[in-house]
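Have a look at this prediction, sequence included:
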Amino acid sequence: MGNSLSPFIANLFMSKFETEVKDKFEYFPRVWSWYVDDIFAVFDTKAISLDNFVAKLNNRFPTIKFTYEVEHNEQLPFLDVLVIRNSENNKERFEHEKQLIKNIAKSNGYSVHLIDKLIRKHKIKRTLYNSTTFRRDTDNSKFASLPYEPKFTHGLEKIFLNININLVYNSKNKLQTLLGNPKDKIDNNEKSGIYEISFEFILTRFKEHMVHLKYGRT
């Protein structure tokens with residue numbers, strides 16, 4: 001909503017919010033995963049009351065208010081997933097979800113062969129992962145791109161390496177800049193755009209489509 005920077009700024013703010021909470025609160029859930037404004041947490045009610053924890057969160061900023069939902073019958077819906085605690089029919093549910101995903105993929109034009117190939121590839125990857133205790137070390141290095149300038153680049157490279165940032169270089173002398181835009185220019189009247197459509201028109205068209213669907217018209 002609003003400015004295109006809004007989601008980015010909101011994520012920055014919430015990241016800072018959570019970091020401060022983790023540092024200042026005596027207790028913080030050992031599992032805290034979130035997507036946009038939905039959070040999945042594993043909470044130890046023996047350490048602190050859930051009501052008290054949420055009240056402390058809500059006291060941080062007057063404009064941010066958290067609500068919560070607890071599991072019932074060892075189940076808790078989160079986004080489009082039903083999380084089940086200690087389920088004994090995991091295999092049955094897995095097969096059901098796999099078939100659902102395959103049906104969705106087929107309805108979007110993907111072949112059965114391709115779907116099965118991706119599933120086999122994932123199974124092999126998982127089997128290899130579980131067959132050894134050796135794990136690759138996580139590489140925490142980052143990359144930054146800068147224009148190549150002989151007088152400054154090599155000096156900057158040493159500075160950036162000290163903070164685990166690897167420099168990669170780019171050049172302004174690209175073939176595209178020399179040749180210009182290879183595409184044919186499109187007349188303004190032929191370009192796509194955004195049009196204002198009245199709600200009454202949309203409602204009428206929607207009713208027409210429903211009638212066609214009802215009577216099987218193409």
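Okay, I see it.

contacting residues for the residue positioned nearest the centre of the chain?
Among the residues of the chain, the one closest to the centroid is Tyr35, at 6.9 Å (C-alpha atoms, centre = their mean). By C-beta atoms under 8 Å, 6 or more residues apart in numbering, Tyr35 lies in contact with Leu79. For every residue, glycine as well, the C-beta is placed using N, CA and C.

Ok, Asn130 next?
Per C-beta under 8 Å, 6+ apart, neighbours of Asn130: none.

all strands of the protein, in order?
With DSSP state E applied, the chain shows strands at 31-35, 38-42, 75-78, 81-84, 142-147, 165-170, listed in chain order.

mind putting those strands in JSON lines, mean pLDDT and distance to Gly193 included?
Formatted as JSON lines, these follow (pLDDT from 0 to 100; distance: least, C-beta to C-beta, whole Å):
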{"stretch": "strand 31-35", "mean pLDDT": "86", "distance to Gly193": "33"}
{"stretch": "strand 38-42", "mean pLDDT": "90", "distance to Gly193": "35"}
{"stretch": "strand 75-78", "mean pLDDT": "89", "distance to Gly193": "39"}
{"stretch": "strand 81-84", "mean pLDDT": "84", "distance to Gly193": "39"}
{"stretch": "strand 142-147", "mean pLDDT": "79", "distance to Gly193": "34"}
{"stretch": "strand 165-170", "mean pLDDT": "79", "distance to Gly193": "34"}
